[in-house]
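Mind folding the following:
(one chain, ligands or ions: 1)
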Amino acid sequence: MEENEVLVNVEGVSKKFCKDLKTSLWYGVKDLVSNVYGNKNERALRNKEFWAVKDVSFQLRRGECLGLIGHNGAGKSTLLKILNGLLMPDAGKVTIKGRVGALIELGAGFNPILTGRENIYNNGAVLGFTKKEINAKVEDIIDFAEIREFIDMPVQNYSSGMKVRLGFAVAAQMEPDVLIIDEVLAVGDLGFIMKCFKTIDNLLDNTAIIYVSHNMPTVSRLCDHVILMEKGKSVFQGDEVGKAIDLYYKSFGDNDTQVIYTNGSLELLSANLLNSTKSIDNIPQINWKEDLVLNFKFKLKEKIEVPLFRILIYDKEQRPLAIFDPNYNPDLITINEGYLDFNVLHEGLQLSKGVYSINVTAFKRNSNEPILRMNGVITFQILHKEDHFQPFLLESTFIQK
Ligand SMILES: Nc1ncnc2c1ncn2[C@@H]1O[C@H](COP(=O)(O)OP(=O)(O)OP(=O)(O)O)[C@@H](O)[C@H]1O
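Residues are numbered from 1 along each chain as shown. Coordinates of the predicted model:
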């Protein structure tokens with residue numbers, strides 16, 4: 001077997017849909033008639049039609065994992081359905097070599113009135129396995145899915161997590177050449193998701209994987225190629241996974257600074273990263289392991305003592321990553337004619353490459369009562385040559401013993 005043979009070849013694939021059911025049915029009849037007379041379907045859009053997928057092309061080799069990312073409605077699932085043969089493209093060509101395992105819509109591919117076990121046989125047969133071959137795999141599938149207790153119950157009574165477990169177990173244990181996974185994995189519980197990632201890692205050498213997700217850390221963890229889709233079109237594709245993810249985040253616009261809570265006694269005048277020399281799209285940048293020097297200027301609208309500041313670093317998915325040690329000592333910073341102007345320094349910040357934001361909360365010193373809570377007061381970018389899935393890249397020294 002050639003190591004890097006092309007398993008998936010997609011050339012200029014497009015698919016149009018109609019926004020209105022009645023019109024869609026009418027077009028369907030018209031197309032049917034014109035097909036009988038040998039005319040090709042019209043490639044141009046008719047009234048109320050739109051391109052759900054437009055001119056997408058890519059190749060995927062054995063051992064590669066392609067991430068498909070983009071906003072809701074960008075066309076990712078439609079493209080997967082075309083790849084899996086569930087939908088016919090209106091233009092373009094898909095060539096797939098080998099067996100395709102797919103986990104697309106929840107419960108898709110299962111017959112709800114058949115039991116889990118019967119569905120395993122059905123799906124196996126669809127994938128081209130003989131009954132004997134499926135007999136040899138069925139126990140592994142049930143074990144992997146961890147649903148032995150319920151395997152002889154109709155699938156319609158399964159919970160969504162159980163359906164995903166069965167679906168993934170079938171798709172993965174049947175040793176597919178091409179494995180297509182849609183967002184559905186997210187329905188599984190943490191234990192199962194971890195097990196799926198481990199399985200995907202093991203399969204990857206011999207499989208071409210297409211993975212659709214809104215969860216960027218998993219995309220950067222699994223994928224070595226990414227297509228970013230917008231309104232049906234591929235607006236970025238390539239092996240620069242970090243770049244694709246940054247573009248995806250940027251497409252949501254920057255998170256505006258937001259006051260989440262205020263009791264009116266404190267106002268933020270400015271918050272800045274002081275030591276950044278570079279900036280792109282107004283986002284200041286520093287290199288990995290440089291110092292982080294934040295400056296805050298507040299105006300006191302009432303006479304209050306120096307608040308306690310809890311300053312947190314969030315990633316782009318709004319997960320808190322780190323907190324700065326608060327100013328427990330009240331004398332560290334002082335109020336000057338109704339203003340507070342101070343820096344917070346962290347030396348040698350070892351966050352991984354990426355975009356982060358700062359949230360700040362001021363508390364009354366003794367009661368822990370909040371005075372002001374603000375999100376996204378500073379957004380900054382860490383530069384490094386490598387992308388990492390983990391939030392921190394810690395400097396290390398390996399010592400020979
Ligand atoms: N059978 C259909 N008939 C008409 N329109 C459809 C049909 N299936 C999908 N669409 C439309 O095609 C567009 C692309 O949908 P698709 O499900 O591919 O998006 P997606 O990128 O997978 O979105 P999400 O992130 O929400 O899963 C959407 O506007 C959707 O409403």
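
Distance of the residue positioned nearest the centre of the chain relative to the ligand?
Centroid check for the chain by Cα atoms, centre = their mean gives residue 215 as the closest residue, at 2.4 Å. Noted for residue 215: a distance of 11 Å to the ligand, by Cβ to the nearest ligand atom, to the nearest Å. Using the backbone N, CA and C atoms, a C-beta is placed for each residue, glycine as well.

can you tell me which residues contact the nearest residue to that residue once chain neighbours are set aside?
Closest residue to residue 215 apart from its sequence neighbours, by Cβ to Cβ, 6 or more residues apart in numbering: residue 186 at 6.9 Å. Residues counted as contacts of residue 186 (Cβ atoms under 8 Å, 6 or more residues apart in numbering) are 193, 213, 215.

Please name the residues that touch the first one.
Contact criterion Cβ under 8 Å, 6+ apart gives 185, 186 as the residues in contact with residue 193.

which phi and psi does it have?
Residue 193 has phi and psi values of phi -60, psi -40 when expressed as degrees, to the nearest 10.

Could I get the pLDDT score of it?
We have a pLDDT of 82 for residue 193.

before we move on, what about residue 196?
85.

cool, residue 42 as well?
For residue 42, the pLDDT comes out at 53.

cool, residue 337 as well?
Reading off the model, residue 337 has pLDDT 93.

check contacts around it.
Contacts for residue 337 (Cβ under 8 Å, 6+ apart) come out as none.

before we move on, what about residue 145?
116, 162, 165, 166, 168, 169.

Most neighbours out of these, which is it?
residue 166 (29 neighbours; other Cβ atoms under 10 Å).

That one contacts residue 147, correct?
Yes. The pair residue 166 / residue 147 is scored as a contact, 6.3 Å apart, by Cβ atoms under 8 Å.

so what sits against both of those two?
The contact sets of residue 166 and residue 147 overlap at 116, 158 (Cβ under 8 Å, 6+ apart).

Quick check, pLDDT for the nearest residue to residue 70 once chain neighbours are set aside.
Among residues not flanking residue 70 along the chain, residue 229 sits closest, at 3.6 Å (Cβ to Cβ, 6+ apart). pLDDT for residue 229: 95.

what are the bridge partners for residue 229, then?
residue 70, residue 234 (DSSP bridges).

domains for the chain, by residue range?
Split into domains by automatic domain parsing, the chain comes to 6-13+55-250, 258-383.

out of those domains, nearest to residue 397?
Residue 397 lies closest, by Cβ to Cβ, to one member of these: domain 258-383, at 13.6 Å.

what about residue 397, neighbour count?
Neighbours around residue 397, by other Cβ under 10 Å: 4.

quick one: pLDDT of it?
Listed pLDDT for residue 397 reads 94.

same check, this time on residue 38
Looking at residue 38, the pLDDT reads 58.

ditto for residue 3
The model's pLDDT for residue 3 equals 55.

do the same with residue 253
With respect to pLDDT, residue 253 scores 63.

my read: residue 27 touches residue 18, true?
Yes. Here residue 27 reaches residue 18: they are 6.1 Å apart, a contact under Cβ under 8 Å.

Is the ligand within reach of whatever helix or strand residue 247 lives in?
Assigned by DSSP states H and E, residue 247 belongs to helix 241-250. No. Applying Cβ under 6 Å from any ligand atom, one finds helix 241-250 out of contact with the ligand, separated by at least 11.7 Å.

what comes up buried for that helix?
241, 242, 244, 245, 246, 247, 248, 249 (16 or more other Cβ atoms under 10 Å).

so what sits against both of residue 27 and residue 18?
Once Cβ under 8 Å, 6+ apart is applied, the residues that residue 27 and residue 18 both contact turn out to be 46, 49.

what about the nearest residue to residue 113 once chain neighbours are set aside, neighbour count?
Nearest residue to residue 113, sequence neighbours excluded (Cβ to Cβ, 6+ apart): residue 154, at 5.5 Å. For residue 154, the number of neighbouring residues by other Cβ under 10 Å comes to 16.

what residues are up against residue 154?
Going by Cβ under 8 Å, 6+ apart, residue 154 touches 112, 113, 114, 115.

when you check the ligand, which of those turn up near it?
Near the ligand, judged by Cβ under 6 Å from any ligand atom, there are no entries from the contacts of residue 154.

ChimeraX command for the buried members of the residues you listed?
Only the buried entries of the contacts of residue 154 go into this ChimeraX selection, using 16+ other Cβ under 10 Å:
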select :115
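
Go ahead and measure how far stretch 123-130 is from the middle of the chain.
31 Å (Cα atoms, centre = their mean, to the nearest Å).

no no, stretch 369-377
Per Cα atoms, centre = their mean, the centroid offset for stretch 369-377 relative to its chain is 28 Å.

Next, the buried residues of it.
370, 371, 372, 373, 374, 375, 376, 377.

Include secondary structure when you put those into a markdown table, please.
Compiled in a markdown table, the buried residues of stretch 369-377 are given as follows (DSSP: H, G, I helix; E, B strand; the rest coil):
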| residue | secondary structure |
| --- | --- |
| 370 | strand |
| 371 | strand |
| 372 | strand |
| 373 | strand |
| 374 | strand |
| 375 | strand |
| 376 | strand |
| 377 | strand |
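
Could you work out the most separated pair of those?
Distance extremes for the buried residues of stretch 369-377: the farthest pair is 371 and 376 at 18.2 Å, using Cβ to Cβ.

give me every residue that touches residue 332.
Per Cβ under 8 Å, 6+ apart, neighbours of residue 332: residue 342.

re the thing from before, I'd like to know which of the contacts of residue 154 is nearest to the ligand.
Closest approach to the ligand among the contacts of residue 154 (Cβ to the nearest ligand atom): residue 112, at 20.0 Å.

closest point of the stretch 301-401 of the chain to the ligand, which residue?
Closest point on the stretch 301-401 of the chain to the ligand, by Cβ to the nearest ligand atom, is residue 317, at 15.5 Å.

my guess is that residue contacts residue 214, does it?
No. With contact defined as Cβ under 8 Å, residue 317 does not reach residue 214; the gap is 9.5 Å.
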